[in-house]
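*Asks:* For reference, the sequence and a predicted model appear below.
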Amino acid sequence: MSRKLLPLIFLIVYSNFVSAQNGLYVPAQEWPVKISDGWFTAKTISFGPFSTSSRKNGIADAAAVSFIKDPLNPFNIRVNGKDENVLIQVIQAAHIAFSGHSLPSFLDNMPATALFSYMLINGTKNEPLKRWEMILKDVTYLELNENKPAGVLHSADDDVRITAHNRFGAKNSYENICYEFHIRRQVVAAVVTGAQPRVWMSAEMEGKSLQPVLAAAIGALLVR
């Protein structure tokens, strides 16, 4: 083997090693985020090829969330991009409102009065009749320190696990909370909420029907 090739081979192996170590959080998979919030325009957020509409107070489709009585702080937005125009309805409700839902144990074992954030995501272009629900609980900073489960994004057929951590902020704090979306053992997307948001999307999601669903969930978290 030529000695001239050795540095190149080392560089390729090292790059693959770094990518494996960092997983999702590499520059190639980070989407640029831009916040538009002018004097005369409502706040919108763009991230990669997607963008949010401005928030509209209230529920857009009351029948879809009729199982929740007395919803708190309702609003709705749309996420647009890649020929998608997805409606997301966001509310807060007590755990008892989800008594008819099948929830993971870390949510189901919480007190009946615990507040959950509930987000109903309408169908996408390729699956217009398939709706997704995202349910999140409030997480403590101790849970954030350990990237503990925070919620679930699921449909009738699929489940995406959501965890939350503070690795982009200070330990023992709520600074720069990052929500991760897991399919089996792989982190496929992540979003840092707050004043300086960041978004990552796995390259493996490109062209997949799940990508606009993840984008819709991320958009809801960015404007929540």
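*Replies:* Now that the structure is in, tell me what you want to look at.

*Asks:* Where does pLDDT dip in this structure?
*Replies:* 1-22 (pLDDT under 70).

*Asks:* Run through the strands of it in chain order.
*Replies:* Applying DSSP state E to the chain gives strands spanning 30-31, 33-36, 44-47, 50-52, 56-57, 72-81, 84-94, 115-121, 132-137, 149-154, 159-165, 178-183, 186-192, 198-201.

*Asks:* Pull the residues that contact the first one.
*Replies:* Outside of strand 30-31, the residues within contact range by CB atoms under 8 Å, 6 or more residues apart in numbering are 47-49, 198-201. All C-beta spots, glycine's among them, are computed from the backbone N, C-alpha and C.

*Asks:* Export the residues you listed as CSV, with columns for distance to V188 and neighbour count.
*Replies:* Below are the contacts of strand 30-31 laid out as CSV (distance: CB to CB, whole Å; neighbours: other CB atoms under 10 Å):
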residue, distance to V188, neighbour count
F47, 15, 25
G48, 14, 18
P49, 16, 14
R198, 16, 18
V199, 12, 24
W200, 9, 25
M201, 8, 24
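
*Asks:* State the pair within those residues that is farthest apart.
*Replies:* Greatest spatial distance among the contacts of strand 30-31 (CB to CB): P49 and R198, at 15.9 Å.

*Asks:* Count the neighbours of L120 for me.
*Replies:* Counted with other CB atoms under 10 Å, residues neighbouring L120 total 21.

*Asks:* Tell me how far the closest residue to it other than its chain neighbours lies from D83.
*Replies:* Closest residue to L120 apart from its sequence neighbours, by CB to CB, 6 or more residues apart in numbering: Q89 at 4.6 Å. Applying CB to CB, to the nearest Å, the value for Q89 to D83 is 21 Å.

*Asks:* More neighbours: these two, which one.
*Replies:* Using other CB under 10 Å, the more surrounded residue of Q89 and D83 is Q89, with 23 against 9.

*Asks:* The more buried one is in contact with P74, isn't it?
*Replies:* Yes - using CB atoms under 8 Å, Q89 is in contact with P74, at 7.1 Å.

*Asks:* Spit out the residues that contact these two alike.
*Replies:* Contacts common to Q89 and P74, judged by CB under 8 Å, 6+ apart, are I59.

*Asks:* What's the end-to-end length of stretch 119-132?
*Replies:* 8 Å (CA to CA, to the nearest Å).

*Asks:* next one: it to chain centre, how far?
*Replies:* 15 Å (CA atoms, centre = their mean, to the nearest Å).

*Asks:* Tell me the buried residues in that stretch?
*Replies:* Buried residues in stretch 119-132, counted by 16 or more other CB atoms under 10 Å: 119-124, 130-132.

*Asks:* Not counting its neighbours along the chain, what's nearest the residue positioned nearest the centre of the chain?
*Replies:* The centroid of the chain falls nearest to I218 when counting by CA atoms, centre = their mean (3.7 Å). Take I218 and drop its neighbours on the chain: the residue closest to it by CB to CB, 6+ apart is V191, 4.6 Å away.

*Asks:* tally of neighbours for the one you found?
*Replies:* Neighbours around V191, by other CB under 10 Å: 25.

*Asks:* correct me, but it touches R198?
*Replies:* Yes - V191 is within contact range of R198, at 7.1 Å (criterion: CB under 8 Å).

*Asks:* Next, show the common contact partners of those two.
*Replies:* Common neighbours of V191 and R198, using CB under 8 Å, 6+ apart, are C178.

*Asks:* ok, back up a step: how about the residue nearest to I218, what does it touch?
*Replies:* 178-179, 197-200, 218, 221-222.
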